[in-house]
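> I would like the atomic coordinates for the input below:
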Amino acid sequence: MGAGDDFGDAVGKLLHPRSIAILGASDNPVKLSGRPVDYLKRFGYSGRVLPVNPHRSRVQGIPAFRSLDEIDGEIDLALVMLPAEQVVPAVRKCAERGIPAAIIGAAGFAETGAAGAELQRQLTEIAAERGIRLLGPNCLGMINVRNRAVATFTSALDENIALREGPVAFVSQSGAFGSFIFSAAQQEGIGISHYLNTGNEADLSVAEILSGLVEDPQVQVLMAYLEGLEDGEQFLRAARRAHELDKPLLVVKVGRSTAGARAAHSHTASLAGEDTVFDGAVRQHGVVRVGGLEPLLDAAQVFAVQRRPRGRRLTTLSLSGGAGVLMADAAANHRIEIGEWEPEWQQRMASVIPPFGSPRNPIDLTATLISEPDLLRRSLQVAVKHPGTDMIAVLLGNADSGADQLIEIIRQAYESTDRPIVVVWTGGSGRPRQRLRELGIPCFTDPARAAAALGALADFSFRPPLPAAARPDDIEDRVVRAIVCKARSEDKRQLDEYDSTRLIAAYGIPCAGSYPVTTVQDAVEAAAELGGRVAVKLLSDRIGHKTDVGGVRLDLRTPEQVREAAADLLEIAADTGQARPAVLVQRMVTGGAELVAGIKRDPVFGPVVLVGFGGVLVDVLADTRIGVPPFDSDTARRLLLSLRASEVFAGLRGQPALDLDGAADAVMRLSWLAADLADEVEELDVNPLVLGPSGATAVDCLAVLSAGAPEERH
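Numbering: from 1, shown residues only. The predicted structure follows:
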């Protein structure tokens, strides 16, 4: 990476260049290397356009230069339109010339194999050593719509389209698909400030570009198309900053399936991390994740107008009762409330609509609206004054002949309020939808798509705060260090259950009382000391799943039962080759719900915390959530409540409510263990974490340390 001190300035020059040198510029505007000059001229770039071509004195009517050395003055950005084998020396020359940023369009780098990967490594090395920031290689470049810096060769601009400027910035790892999205956004009236394609990311990543864009006061909405991430923390820093500045970050991330992840890797030489981890990490930081192109553009429509709802209550006005019901069903799927209006307000609405309409909400204006357009004006005037309305949806269809009057009525209502208003206009020529979007009013063809977009808007508007993590002051750091150091000195990676339990207990997580013993008689005495029912378990730093070898005996009530169980398990321990066979005698913990809480090291995001419903069915239930540590108890509580079976916490069939706060405290403490021991712990499972009406208790724990020497783990 380039020098940290130059980051902001170099990325700023990339995003807002005042002068652009095009290396390898062609006089033919149809060629890939000729398109950037053509685009810069056609779209009216006001900065200096500097074609570099050793064989021509003019390129497309503009004075050209044989080399960078002939150019006087500063150059903010170089667009390198040369074959892959010529790129490395050209970029080195750009760095020597003092150019802060360069775009590399050529393919033929890491995406093609070892030889290309070596060329890409050299580019990364030049960026790190010389401070020049690089976009690409294998990328389509950049478009700054605001100042018409169209430093790209994308075919998306082949048609004579008029660039629509707006508050939405878009960054894509895919060049072709990113261009499709850019074109579709422009066609749907979504104003764009920037579009960048990062390609192979030899230097600048999507996350770094987003970090630059989020600071631009004229950028209010960020969009990203991702095929994979290599540095999750860098991406989360950009997401945190967007959260702090109240700027929505809308993300499409492909690679959910195994096949999708393989395709993503081969396409951009990028690693697709485990999707559940990505989803949990970004949602914790307020990112709006959507499922594809249409949901992305739908969300961009409602966010681009920069209106936020005061609540989740939606009023719908429709010329079709069926459309209103469809909207209500779709809204419920996104936690949007379409509640019946109060009697007083129903009367007000009833006074302006036909007697055979419905004033309840959904409000049915009936087909009378077609012959009496002023009906829409009167009903909207009531709706915008209704104190229980946070958002309004107008559902129309066809009606091209009366569209102008309806559009004018909607425009006036839109300008009379700061509430979000969307229109669903199904059928017809499409011209009304286009006109509404030109007016800045979000318009859709399908009530379900409108509901999903409003749901995303409401979710972001009422997103929880970023975790305000405060490290508990009762963590026993000396105990933690002693456990880890002892394991390292004995060359152990897997801790046995006793040491694993001591590790989490040092972080204040309640654990079932237990004693490690090596003889049958010691087991009997330990059971007597614990009192009541006990479990006897095989104690091993080699066997991760004790039940697989018959290594657990539960609900033992008498000394004879303990003696028999201990003898059996000590024999099993000896048979597995343990030098010092041992068992763990543990107090039985029953009742309540069995949770799982754990830590895993993700290759993209580092340590993450998993929480869900556990026990022996943890893999079958697959009801888990992911959080990025460290986090606070409120975040832990939200993770628990987001589980599909979270109603269990309230108590089922007359049972008392479970101690959700106790579970959240345990998960919060585990998040600090994950953060503190990020370089030491590879994975850790607490399964089950038994949750009762008055607390959570860890009953089984397995910790695995990271491989390698400490310096290798950093």
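
> now the helices: where do they sit in the stretch 451-600 of the chain?
Counting by DSSP state H, counting those that start in this stretch, the stretch 451-600 of the chain has helices at residues 477-489, 497-505, 520-530, 559-575.

> most tightly surrounded among those?
For the helices of the stretch 451-600 of the chain, ranked by mean neighbour count under the definition mean count of other Cβ atoms under 10 Å, the leader is helix 497-505 at a mean of 22. (Glycine included, C-beta is placed from N, CA and C.)

> isn't residue 457 up against residue 303?
Yes: because the distance of 6.5 Å satisfies Cβ atoms under 8 Å, residue 457 is recorded as touching residue 303.

> out of the helices of the stretch 451-600 of the chain, nearest to residue 636?
helix 497-505 (14.7 Å; Cβ to Cβ).

> quick one: list the elements packing against the closest one.
Other helices and strands packing on helix 497-505, by 3 or more Cβ pairs under 8 Å, 6 or more residues apart in numbering; DSSP states H and E, are helix 477-489, strand 514-517, helix 660-676, strand 681-692, strand 695-698, strand 701-705.

> relative to strand 701-705, how tilted is that helix?
In terms of direction (axes from the mean of the first three to the mean of the last three Cα atoms, to 10 degrees), helix 497-505 departs from strand 701-705 by 90 degrees.

> touching helix 497-505 from outside, list them.
Applying Cβ atoms under 8 Å, 6 or more residues apart in numbering, the contact partners of helix 497-505 are 479-480, 483-484, 486-487, 495, 511, 514, 516, 537, 539, 541, 546, 584, 669-670, 673, 684, 686, 698, 700-703.

> select only the buried ones of those residues in ChimeraX?
To isolate the buried subset of these in ChimeraX, counting by 16 or more other Cβ atoms under 10 Å, use the following:
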select :480,483,484,487,495,511,514,516,537,539,541,546,584,669,670,673,684,686,698,700,701,702,703
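
> ok, and the closest non-adjacent residue to residue 707?
The shortest distance from residue 707 to any residue that is not its chain neighbour, by Cβ to Cβ, 6 or more residues apart in numbering, is 6.5 Å, and that residue is residue 493.

> mind checking what helix or strand follows the helix or strand where residue 414 lies in sequence?
Counting by DSSP states H and E, the element that carries residue 414 is helix 403-415. Tracing the chain past helix 403-415, the next element assigned as helix or strand by DSSP H and E is strand 421-426.

> would you mind getting the angle between that following strand and helix 403-415?
Relative orientation of strand 421-426 and helix 403-415, computed by the same axes, to 10 degrees: 160 degrees.

> show me what strand 421-426 is packed against.
Other elements packing on strand 421-426 under the criterion 3+ Cβ pairs under 8 Å, 6+ apart are helix 321-333, strand 391-397, helix 403-415, helix 431-438, strand 443-444, helix 447-461.

> and if we set it to 6 Å?
Based on contacts counted as 3 or more Cβ pairs under 6 Å, 6 or more residues apart in numbering; DSSP states H and E, the elements that strand 421-426 packs against are strand 391-397, helix 431-438, strand 443-444, helix 447-461.

> can you put the ones you listed in JSON lines and add distance to residue 154, mean neighbour count and mean pLDDT?
Below are those laid out as JSON lines (distance: least, Cβ to Cβ, whole Å; neighbours: other Cβ atoms under 10 Å; pLDDT from 0 to 100):
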{"stretch": "strand 391-397", "distance to residue 154": "35", "mean neighbour count": "26", "mean pLDDT": "97"}
{"stretch": "helix 431-438", "distance to residue 154": "23", "mean neighbour count": "19", "mean pLDDT": "95"}
{"stretch": "strand 443-444", "distance to residue 154": "27", "mean neighbour count": "26", "mean pLDDT": "97"}
{"stretch": "helix 447-461", "distance to residue 154": "27", "mean neighbour count": "23", "mean pLDDT": "97"}
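
> rewinding a little: of all the helices and strands packed on helix 497-505, which one is nearest residue 69?
When the helices and strands packed on helix 497-505 are ranked by proximity to residue 69 (Cβ to Cβ), helix 660-676 comes first, at 51.1 Å.

> give the buried residues for the closest one.
Residues of helix 660-676 classed as buried by neighbour count (16+ other Cβ under 10 Å): 660, 662-676.

> can you report how many residues lie near residue 371?
Residue crowding around residue 371 was assessed by other Cβ atoms under 10 Å; the count is 8.

> how near is residue 182 to residue 101?
Per Cβ to Cβ, to the nearest Å, residue 182 is found 20 Å from residue 101.

> ok, now residue 501?
From residue 501 across to residue 101, the span is 53 Å (Cβ to Cβ).
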